[in-house]
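In: The amino acid sequence is not available; the structure is as follows:
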């Protein structure tokens with residue numbers, strides 16, 4: 001039996017299996033990167049539902065690391081660098097559900113407008129007058145703009161950075177780096193960390209940011 005290009009086709013499933021090239025098994029680090037790489041296709045649902053799972057502690061969802069973007073690409077965890085810490089970081093659901101503690105925990109009011117802390121640009125220009133609480137609440141109007149969840153996770157990272165600084169704990173993503181990541185992404189539509197061969201899409205960036213939360 002031949003296919004349309006004249007090649008002999010395997011006669012049955014067993015022959016197909018034998019003919020198929022053997023794919024080498026990934027080690028733990030390779031599997032972590034594979035899961036992260038696939039985030040661009042399916043992270044949308046994961047990002048919004050992951051923290052609602054009972055007992056779920058992040059760090060392990062996309063590679064099990066607490067690392068800067070460049071450190072994430074080389075799979076170097078915070079334990080290799082005591083200056084990095086995710087110990088005070090929380091997910092967006094924490095900030096969404098505990099808005100009354102924002103002022104004491106991170107020195108920021110929930111009604112702070114997006115434009116007061118981050119520059120709205122391009123596709124995100126209409127976020128400027130939404131409050132930070134509305135961003136983490138992902139209201140219908142915000143979701144229509146923040147389709148890749150980047151603003152959601154950036155605001156979460158910003159609140160975490162401020163909370164860590166207020167507590168005197170060095171953060172894996174201090175506020176200036178969070179702002180720099182946002183600036184590059186909002187200007188270019190992607191973010192390319194040091195050590196990455198390709199820039200990250202919005203969903204991949206959001207998925208990375210989630211690995212720094214708990």
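Out: Alright, I've got the coordinates. Quick caveat: nothing in here was measured; it's all calculated off a predicted structure.

In: my read: residue 124 touches residue 147, true?
Out: No. With contact defined as CB atoms under 8 Å, residue 124 does not count as touching residue 147 (10.2 Å). Any C-beta I mention is one placed from the backbone N, CA and C, and that applies to glycine too.

In: Of these two, which one has the most company?
Out: Counting neighbours by other CB atoms under 10 Å for residue 124 and for residue 147 shows that residue 124 has the greater number, 19 against 12.

In: where in this protein is pLDDT low?
Out: Low-confidence regions of the chain, defined here as pLDDT under 70, cover residues 1-85.

In: one more time with 80
Out: 1-88, 195-197, 214 (pLDDT under 80).

In: for it, which helix is longest?
Out: Ranked by residue count under DSSP state H, the longest helix found in the chain is helix 150-167.

In: buried stuff in that helix?
Out: In terms of neighbour count (16 or more other CB atoms under 10 Å), helix 150-167 has its buried residues at 150-165.

In: Can you name the element that comes right after it?
Out: Beyond helix 150-167 in the direction of the C-terminus, DSSP states H and E gives the next helix or strand as helix 175-188.

In: Taking helix 150-167 as reference, get the angle to that next one.
Out: Interaxial angle, helix 175-188 versus helix 150-167 (axes from the mean of the first three to the mean of the last three CA atoms, to 10 degrees): 170 degrees.

In: For helix 175-188, give me every contacting residue.
Out: 68-69, 118-122, 124, 150, 154, 157-158, 161-162, 165, 173, 191-192, 199, 202, 205 (CB atoms under 8 Å, 6 or more residues apart in numbering).

In: neighbours around residue 186, how many?
Out: Residue 186 - counted by other CB under 10 Å - has 21 other residues nearby.

In: how much space is there between it and residue 179?
Out: Taking CB to CB, to the nearest Å as the criterion, residue 186 is separated from residue 179 by 10 Å.

In: Residue 117 too?
Out: Taking CB to CB as the measure, residue 117 and residue 179 are separated by 8 Å.

In: Name the residues contacting each of these two.
Out: With contacts defined as CB under 8 Å, 6+ apart, the residues shared by residue 117 and residue 179 are residue 158.

In: what are the ranges of the helices in the chain?
Out: Ranges of helices in the chain, per DSSP H, are 13-19, 28-37, 39-49, 69-73, 92-97, 102-106, 132-137, 140-145, 150-167, 175-188, 202-210.

In: Fine by me, thanks again.
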